[in-house]
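**Student:** Give me a 3D structure for the following:
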Amino acid sequence: MNIWFLSTRIAGNDGVSLETVRWRTILTRMGHKVTFVAGELDRAGILIPELHFSNQKVIELHDKVVYAKNNFKKVEAEVFEMAGKIEGKLRTAFNGHKPDMLIIANCLSLPMHFPLAVALTRIIEEFKIPTLARHHDFWWERKRFLKSSCFPFFKRWFPPNSKYIKHVTINSITQKELKVRLGIESSVIPDTFDFVGTKNTKDKFNSTFRKDFGIAKDDTVFLQATRIVPRKRIEISIELIKKLDNPKTVLVIAGKVGDEGREYFDKLQKLTDELGSRVIFVGDYIDFNRKLTGDRRKIYTLWDAFINSDFVTYPSEIEGFGNQYIESVYFKKPVIITPYPVYKTDIKPIGFKSIEINKLLKTKDLRLIKDYMNNKAAVRKMVETNFELGKKNFSYEATEEKIKKLIL
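**Tutor:** Below you'll find the model as predicted:
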């Protein structure tokens, strides 16, 4: 089949983009042709800038719906006007040949781009395109959307209930919530990773990672691999480094500022300075592909950061599933985690082992982490067990079987 994978952004290391690339690999292996369509692309595909949530008009409409006390009728005309323009762009991209299937990543669940949701739903209905809508996040999981007075609009379009759309959630909690709230059935397909691949070893390029950032070979590196947004609670990781009180420990923050502004990033930098924690922000030198800058400075991938770390910190308050958790399992790194809801329901029951701590970083939490720092055998047993469980449950092969049931 000719499949279009459509999102607002397919670029960088955010969870939606990473999963999109992984699904393309799986679908291509199955014999399908996959084309990326997005408002931002850092790889081949069809670029339509109006699809991006950072488009100025999109931002204005978002703020009117989410933050202003308007009745939706007051902004409806503007939303539908831009939706019409996006429909035109998509028709042009079809070039007389509609795709055999659409896979839509998060555009119909999280209301970042109101006109796009309207445009996609109308295109799907008009052309009768079989569609998989993969939902990573929902509007009822974000406080800012709960303050809006436009709930009827959210319920109509996020997601729409269409006979041409099959819905995919990434955890059992949202699967149940979607059914209760909107009466929509969905299949659960969690995050995935290529457990058969060989990305988890050092090579000539990434062997200089520590040296480039002033990290000694015998330092213990704690990696915060997430984007820099408040719900990741990165301040807990920064406080942890301070409380461990060990000059040979360092926190490497590999993520970039997320789509919620720089305020949280500035707050973290200030906290780092106040506490005197040994923290290195390396996000400017992490990208989807390796490369060299004009002055021959290496740009690494997130995988390079995993390979050069000893522990992964994952103090998130909420996650759609846990992309960085699965990556940590693949790279055989122990995870220091504040157990979030989906971890408790969909990951831990499988048998995965983590270093579970309280967000307040009590004495027993610090003692537990130090015990693992000094017990390589216990760490090795933990990560090897986790790897085998990951391979069985979250590998490309396991995910392919679930996708087959939906598209064949």
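
**Student:** so what's T174 up against?
**Tutor:** H135, F138, E141, S186, G320 (Cβ atoms under 8 Å, 6 or more residues apart in numbering). Bear in mind the C-beta positions are built from the backbone N, C-alpha and C, glycine included.

**Student:** Which one of those is nearest to L110?
**Tutor:** F138 (6.7 Å; Cβ to Cβ).

**Student:** any weak-confidence spans in the chain?
**Tutor:** In the prediction, the chain carries residues with pLDDT under 70 at positions 69-71, 149-151, 258-260, 408.

**Student:** Determine the three-state secondary structure at the closest residue to R91 other than its chain neighbours.
**Tutor:** The shortest distance from R91 to any non-neighbouring residue, by Cβ to Cβ, 6 or more residues apart in numbering, is to I123 (7.8 Å). Counting by DSSP: H, G, I helix; E, B strand; the rest coil, the backbone at I123 sits in helix.

**Student:** And I123, how far from G320?
**Tutor:** 25 Å (Cβ to Cβ, to the nearest Å).

**Student:** Look at these two and report which has more neighbours.
**Tutor:** G320 (24 against 20; other Cβ atoms under 10 Å).

**Student:** Is that one in a helix, a strand, or coil?
**Tutor:** coil.

**Student:** ok, now how distant is it from L41?
**Tutor:** Taking Cβ to Cβ, one finds G320 at 22 Å from L41.

**Student:** related to what we said a few turns ago, could you work out the most separated pair of the contacts of T174?
**Tutor:** Largest pairwise distance in these, by Cβ to Cβ, is 15.0 Å, between E141 and S186.

**Student:** who has more neighbours, those two?
**Tutor:** S186 (20 against 16).

**Student:** which residues does the more buried one contact?
**Tutor:** H135, K166, H167, V168, T169, T174, Q175, L178, K179.

**Student:** Ok, G276 next?
**Tutor:** Shown in contact with G276 (Cβ under 8 Å, 6+ apart): K242.

**Student:** Excluding covalently adjacent residues, which one is nearest to R142?
**Tutor:** Closest residue to R142 apart from its sequence neighbours, by Cβ to Cβ, 6+ apart: L110 at 7.3 Å.

**Student:** is it true that the one you found touches W140?
**Tutor:** No - using Cβ atoms under 8 Å as the test, L110 is too far from W140 to be in contact (10.2 Å).

**Student:** more crowded one of those two?
**Tutor:** Higher neighbour count among L110 and W140: L110, with 22 against 16, using other Cβ under 10 Å.

**Student:** ok, that one to G283 distance?
**Tutor:** 23 Å.

**Student:** now A378
**Tutor:** Counting by Cβ to Cβ, the gap from A378 to G283 is 31 Å.

**Student:** Looking at the two, which is more packed in?
**Tutor:** Neighbours per residue, other Cβ under 10 Å: of A378 and G283, the larger number sits with G283, 18 against 13.

**Student:** May I ask you to confirm that the more buried one is in contact with V257?
**Tutor:** Yes - with contact defined as Cβ under 8 Å, G283 and V257 form a contacting pair (7.4 Å).

**Student:** between these two, what contacts are shared?
**Tutor:** In contact with both G283 and V257: I228, using Cβ under 8 Å, 6+ apart.

**Student:** rewinding a little: for the contacts of T174, give me CSV that also has secondary structure.
**Tutor:** Shown next, in CSV, are those (three-state DSSP):
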residue, secondary structure
H135, strand
F138, coil
E141, helix
S186, coil
G320, coil
